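Peer 1: give me the fold of what follows.
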Amino acid sequence: MISDLVRLYLKNKPYTVEALENGIVNYSALARIVQQELGIKNYHAIKAAIRRYAEELSKNEVSIEKSALSILEYSKINIQSGISIVISTTDAEPNKSGKIKLNDYYIYLVQDDLDLKRLKKMKGIIKVQENASAVIIHSEERLESLPGFVAFIASLLAEQNINIIEFISCYTETLLVVNSSDALKSHELLIGIMKK
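Peer 2: Sure thing, here's the model as predicted:
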């Protein structure tokens, strides 16, 4: 079915989807691009599928944004500076640091200088990122049942050219590790959104 092919194509184009959500796409021009890339002859069916998909996206985007803002409204945001990240294939027991095992490597979130020195001496170091900060969002339990919250937060920061080095969301906590130079900007952005 043409509409299914068009949807699948668009779902793999996140910036196009964002433009559709914001209503800033020329449907005719996009339909011609889709027609050429997918080799579908029926231009009008493509354009109609794009229009329907855009309408659904805009409704869904408002719902996700509204829900995310309702969570943020009652959240608390803290910054922890002096964070380092060590990624290694070696398992170690840090004294005061967090550890996460993913596949064949370990990620250590380090805030203690002695831990950092010890971990940096391990074999199997893949990467060490120093001079980072953690932006911690503490929310209500209903956060766990809200689809799109993490995507909403990540999009907000990406729009301001803030890179998230590490991202952990678990239970009522959302932890974003960013460069220290972006910590205050991230905090102010989130506080500003909360006050809307």
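Peer 1: state the distance from the nearest residue to R32 once chain neighbours are set aside to V25.
Peer 2: Computed as C-beta to C-beta, 6 or more residues apart in numbering, the closest residue to R32 that is not its neighbour in sequence is Y43, at 7.2 Å. All C-beta spots, glycine's among them, are computed from the backbone N, C-alpha and C. As judged by C-beta to C-beta, to the nearest Å, Y43 and V25 stand 16 Å apart.
Peer 1: now swap in V150 and tell me
Peer 2: Relative to V25, V150 is positioned 25 Å away (C-beta to C-beta).
Peer 1: got it, and S58?
Peer 2: For S58, the distance to V25 - C-beta to C-beta - is 11 Å.
Peer 1: okay, those two: which has more neighbours?
Peer 2: A side-by-side neighbour count of S58 and V25, using other C-beta atoms under 10 Å, places V25 first with 18 against 14.
Peer 1: that one looks like it's in a strand, true?
Peer 2: No - using DSSP: H, G, I helix; E, B strand; the rest coil, the assignment for V25 is coil, not a strand.
Peer 1: quick check: the gap between it and A54.
Peer 2: 7 Å.
Peer 1: coming back round to it: between S58 and V25, what contacts are shared?
Peer 2: The overlap between the contact sets of S58 and V25 (C-beta atoms under 8 Å, 6 or more residues apart in numbering) is empty.
Peer 1: next SSE after the helix or strand that contains S70?
Peer 2: If you go by DSSP states H and E, S70 is part of helix 43-73. For helix 43-73, the following helix or strand on the C-terminal side (DSSP H and E) is strand 76-88.
Peer 1: hang on, L69 packs against K195?
Peer 2: No - if you go by C-beta atoms under 8 Å, L69 and K195 don't touch, sitting 10.1 Å apart.
Peer 1: between the two, which has more neighbouring residues?
Peer 2: Using other C-beta under 10 Å as the criterion, L69 and K195 rank with L69 on top: 14 against 8.
Peer 1: where does the chain have low pLDDT?
Peer 2: Applying pLDDT under 70 to the chain flags residues 60-63, 196.
Peer 1: helices along that one, start to end?
Peer 2: Secondary structure of the chain (DSSP state H): helices at 2-11, 14-21, 27-38, 43-73, 113-120, 149-159, 180-194.
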